[in-house]
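Trainee: The sequence and its predicted three-dimensional model are supplied below.
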Amino acid sequence: MFFKFLLTGGIATGVQYVVLEIGTAFYGLSASFSTGIGYWIGSVISYFMNYFFTFNSRVSHSKATCRFYIMVCIGWFLSVVLMYLLVDILNFNKWFSQIFTTVIVFTFNYLISKSFIFR
């Protein structure tokens, strides 16, 4: 189950990273704003892959979606705040900051998904 979650998260994170790069490099958006947009786009991919592939859930979509997007809101907030602090305040490299942030949010999401969202 963990490796399926890792694969699913990797695909959703890849989408988030692409949006981060496009937002910062081509549109001049801040790293925190760009990663926030990418996080929401990736969350749609993540929901469906986790529901059907990772957890093979039997929880109703109405219940799972509500739970999932509560978790996404918390993860999004963590992601944007960490990126803002690391990149905009502390002037760390955006990719170092994004990878660090991804590890923190991924761990949170896995623990919540496994124990609450899809069970």
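Mentor: Right, received. Where do you want to start? Numbers count the residues shown, from 1 in each chain.

Trainee: in what helix or strand does the closest residue to residue 2 other than its chain neighbours lie?
Mentor: Spatial nearest neighbour of residue 2, excluding adjacent residues (C-beta to C-beta, 6 or more residues apart in numbering): residue 110 at 7.3 Å. For glycine as for every other residue, the C-beta is placed from the backbone atoms N, C-alpha and C. Element membership of residue 110 [criterion: DSSP states H and E] is helix 94-112.

Trainee: which element is the residue nearest the centre of the chain on?
Mentor: Central residue of the chain (C-alpha atoms, centre = their mean): residue 39, 4.7 Å from the mean position. Using DSSP H and E, residue 39 maps to helix 31-49.

Trainee: Hmm, residue 83 and residue 97 touching each other?
Mentor: Yes. Using C-beta atoms under 8 Å, residue 97 makes contact with residue 83 at a distance of 5.7 Å.

Trainee: Same drill for those two, tell me which one is more crowded.
Mentor: residue 83 (25 against 22; other C-beta atoms under 10 Å).

Trainee: Surely the more buried one is in contact with residue 35?
Mentor: Yes. Look at residue 83 against residue 35 with C-beta under 8 Å: they come within range, at 5.1 Å.

Trainee: Let me see the contact set for the closest residue in space to residue 11 that isn't next to it in sequence.
Mentor: Closest residue in space to residue 11, ignoring its immediate chain neighbours: residue 45 at 6.1 Å, by C-beta to C-beta, 6+ apart. Residue 45 makes contact with 8, 11-12, 15, according to C-beta atoms under 8 Å, 6 or more residues apart in numbering.

Trainee: Just name the closest of those to residue 61, please.
Mentor: Minimum distance to residue 61 across the contacts of residue 45 is 16.9 Å, recorded for residue 8 (C-beta to C-beta).
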